[in-house]
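Colleague: with the sequence up front, the predicted model follows.
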Amino acid sequence: MFNFRVLAFIAVLAQYVLFVQGLPVQSRQIGDLQCNIDRLKIVTTLEGAKITVDGLAASLSKSADASNIKAVANNIAGAQGGIGVIGKALLTGQAAPASARTQVQDNLTQAIKTLANIKSSDAGIASRLKLAAQQLNNSAADGDGVVSNCK
């Protein structure tokens, strides 16, 4: 189940890749196929983590971990905000601000650390915590792919 924002971003990114490549921007901004695949992967994987964490927030709302899972959700939103700034820069032919890349990295790192502190004896919640951790780790790896492949 995808969020409309993710689908809209994917559509805009696809339009950019297909129609706006003629803008005079650095090759890092345009990127090759692998670069754009990595960009798409971080957006979709992070949205999956958001959906998982939002479900956990509902399940943990009355537990001692309510503030931790809320912090994880806020960190995901912060990372998504940084990705949005980068996407807007790409679509307008501007250089992606380094501060936005740092925002994505810092928020993902903090989300992973905070999530690791949440434990549950409930098998269903423990399984979703594990899934969220995998999704956040995959998002971080996808971000590393963007940094490596978008040169």
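Modeller: Now that the structure is in, tell me what you want to look at.
Colleague: mind listing the helices for the chain?
Modeller: Taking DSSP state H as the criterion, the chain carries its helices at 4-19, 27-30, 33-59, 66-91, 98-116, 123-149.
Colleague: export these to TSV and tack on mean neighbour count?
Modeller: Backbone N, C-alpha and C define where each C-beta goes, glycine included. Shown next, in TSV, are the helices of the chain (neighbours: other C-beta atoms under 10 Å):
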stretch	mean neighbour count
helix 4-19	13
helix 27-30	15
helix 33-59	19
helix 66-91	19
helix 98-116	17
helix 123-149	17
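Colleague: in a markdown table: the ones you listed, plus mean pLDDT.
Modeller: Shown next, in a markdown table, are the helices of the chain (pLDDT from 0 to 100):
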| stretch | mean pLDDT |
| --- | --- |
| helix 4-19 | 60 |
| helix 27-30 | 53 |
| helix 33-59 | 93 |
| helix 66-91 | 94 |
| helix 98-116 | 96 |
| helix 123-149 | 95 |
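Colleague: spatially, which residue comes closest to the residue nearest the centre of the chain, not counting chain neighbours?
Modeller: Of all residues in the chain, the one closest to the mean position by C-alpha atoms, centre = their mean is residue 46, 3.5 Å from it. Among residues not flanking residue 46 along the chain, residue 139 sits closest, at 4.5 Å (C-beta to C-beta, 6 or more residues apart in numbering).
Colleague: and that neighbour, how close does it get to residue 70?
Modeller: Noted for residue 139: a distance of 19 Å to residue 70, by C-beta to C-beta, to the nearest Å.
Colleague: what of residue 85?
Modeller: From residue 85 to residue 70 the distance is 23 Å (C-beta to C-beta).
Colleague: pop out the phi and psi values for residue 120.
Modeller: phi -150, psi 140 (degrees, to the nearest 10).
Colleague: what about it, how many neighbours?
Modeller: If you count neighbours by other C-beta atoms under 10 Å, residue 120 ends up with 16.
Colleague: can you check residue 121 too?
Modeller: Residue 121: 6 neighbours (other C-beta under 10 Å).
Colleague: residues contacting it?
Modeller: Residues counted as contacts of residue 121 (C-beta atoms under 8 Å, 6 or more residues apart in numbering): none.
Colleague: quick one, grab the pLDDT at it.
Modeller: We note a pLDDT of 92 for residue 121 in this prediction.
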